[in-house]
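Trainee: predicted model follows, preceded by the sequence.
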Amino acid sequence: MDNLSSKQLKIIAREHEVKGRSRMTKPQLVEALEDLNITLEDLTVPELKLAAKSRGIKGFHKMQKEELVKALTTPNIPGLSNLTFKVLKAVAQEHGIEVTHRMTKSQLVETLENIDIILDNLRVTR
């Protein structure tokens, strides 16, 4: 639930009739919804898509519920798309990923994101 904005949390809180939601801070909204045992899996596809859109998740409009939940719970890897293709290729190869000559930069970024490579743990220079 921490992945959602305050506005999104308030919409969900309204749907679940949480009293005092309009005056709650984001942490209070998260706590109130968690107290009701509401998880991402309990949200509707439109709610999940709204959350995915606000997080900048690409391709969210084509995703099904399970994919949306996974995308929202997977840590966002900041800056990966800012690396050059050459650096991305080197990182991929270090992790045993075969990079073909037909692979685009966006495909390479997606591949690296899918295996949860966190840039903070890499000593990569741009």
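Mentor: Now that the structure is in, tell me what you want to look at.
Trainee: what about Ala60, neighbour count?
Mentor: You called it Ala, but residue 60 is Phe. Neighbourhood size, Phe60 [other CB atoms under 10 Å]: 19. Bear in mind the C-beta positions are built from the backbone N, C-alpha and C, glycine included.
Trainee: quick one: it and Val69 touch, right?
Mentor: No: contact criterion CB atoms under 8 Å: Phe60 and Val69 do not qualify, at 11.5 Å.
Trainee: residue closest to the middle of the protein?
Mentor: Leu72 (3.7 Å; CA atoms, centre = their mean).
Trainee: can you tell me which residues contact it?
Mentor: The contact partners of Leu72, by CB atoms under 8 Å, 6 or more residues apart in numbering, come to 3, 40, 48, 51-52, 55, 57.
Trainee: would you list those in JSON lines and tack on distance to Ser81?
Mentor: Output for the contacts of Leu72, formatted as JSON lines (distance: CB to CB, whole Å):
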{"residue": "Asn3", "distance to Ser81": "19"}
{"residue": "Leu40", "distance to Ser81": "24"}
{"residue": "Leu48", "distance to Ser81": "23"}
{"residue": "Ala51", "distance to Ser81": "20"}
{"residue": "Ala52", "distance to Ser81": "17"}
{"residue": "Arg55", "distance to Ser81": "14"}
{"residue": "Ile57", "distance to Ser81": "13"}
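Trainee: need the pLDDT of the residue nearest to the centre of the chain.
Mentor: Listed pLDDT for Leu72 reads 84.
Trainee: which SSE is it in?
Mentor: helix 65-73 (DSSP states H and E).
Trainee: hang on, the earlier thing: which ones among the contacts of Leu72 lie within helices?
Mentor: Among the contacts of Leu72, the members falling in helices (DSSP state H) are 48, 51-52.
Trainee: the domain parsing of this structure - what is it?
Mentor: By the assignment in automatic domain parsing, the chain contains the domains 6-73, 80-121.
Trainee: highest average neighbour count across those domains?
Mentor: domain 6-73 (a mean of 15; mean count of other CB atoms under 10 Å).
Trainee: measure Met24 to Leu9 for me?
Mentor: Distance, Met24 to Leu9, using CB to CB, to the nearest Å: 8 Å.
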